[in-house]
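Colleague: Make a model of this:
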Amino acid sequence: MKTVRGMIFLSGFIIAFGAGLLIFGGIDTPANQFLAGYGTGITAVGAIALIFLLIKSRDKEWLAKFEMKQNDERQVFIANKAARVTFFTATIATAAACGIAAVRGDLVAITYMLAVSAVMLLVFVIAKTFFEKKY
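Modeller: A predicted model of the protein is given here:
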């Protein structure tokens, strides 16, 4: 996201998505507890990012530095590389967690972790397709 406004919108979307998972999940079964915990974490991350952006967006000096960083090719390359490494690390960690759940025989946990992996992969493919067409 190149604009602070876009990042604020994305943070709000993350909060809404996490709150939806929190509300959809419950505490009656382990699978619902997983959804509720995942939603709580996502909501917290989105809220912290939103608060940070709202506070920093009032600082003119920070906005100027932010705009300069967004236009620097080296910074953009490093950010893209970090995002790719983070995505693949999360994918490998989810696969390892699925393996541990398989050894334990917990099919419900495997199903939910694979669903999370599928959503991550779908977002990755959509973002990659979008940015390849745009740039």
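
Colleague: Check which element follows the strand or helix carrying A93 along the chain.
Modeller: Element membership for A93, per DSSP states H and E: helix 73-104. For helix 73-104, the following helix or strand on the C-terminal side (DSSP H and E) is helix 107-134.

Colleague: quick one, that next one and helix 73-104 angle?
Modeller: 160 degrees (axes from the mean of the first three to the mean of the last three Cα atoms, to 10 degrees).

Colleague: What residues sit buried inside helix 107-134?
Modeller: For helix 107-134, a neighbour-count test (16 or more other Cβ atoms under 10 Å) marks A109, I110, Y112, M113, V116, S117 as buried. In this view, the C-beta of every residue, glycine as well, is placed from N, C-alpha and C.

Colleague: and those as JSON lines, adding pLDDT?
Modeller: Formatted as JSON lines, the buried residues of helix 107-134 follow (pLDDT from 0 to 100):
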{"residue": "A109", "pLDDT": "80"}
{"residue": "I110", "pLDDT": "82"}
{"residue": "Y112", "pLDDT": "79"}
{"residue": "M113", "pLDDT": "81"}
{"residue": "V116", "pLDDT": "80"}
{"residue": "S117", "pLDDT": "81"}
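
Colleague: Just put these in JSON lines and tack on distance to L50.
Modeller: Compiled in JSON lines, the buried residues of helix 107-134 are given as follows (distance: Cβ to Cβ, whole Å):
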{"residue": "A109", "distance to L50": "30"}
{"residue": "I110", "distance to L50": "33"}
{"residue": "Y112", "distance to L50": "27"}
{"residue": "M113", "distance to L50": "27"}
{"residue": "V116", "distance to L50": "23"}
{"residue": "S117", "distance to L50": "26"}
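
Colleague: any idea which of these is closest to V45?
Modeller: Taking Cβ to Cβ as the measure, V45 lies nearest V116 of the buried residues of helix 107-134, at 14.8 Å.

Colleague: From G6, how far off is the closest one?
Modeller: 25 Å (Cβ to Cβ, to the nearest Å).

Colleague: on that earlier part again, mind checking the pLDDT average for the helix holding A93?
Modeller: For helix 73-104, mean pLDDT is 84.

Colleague: All good on my end, thank you.
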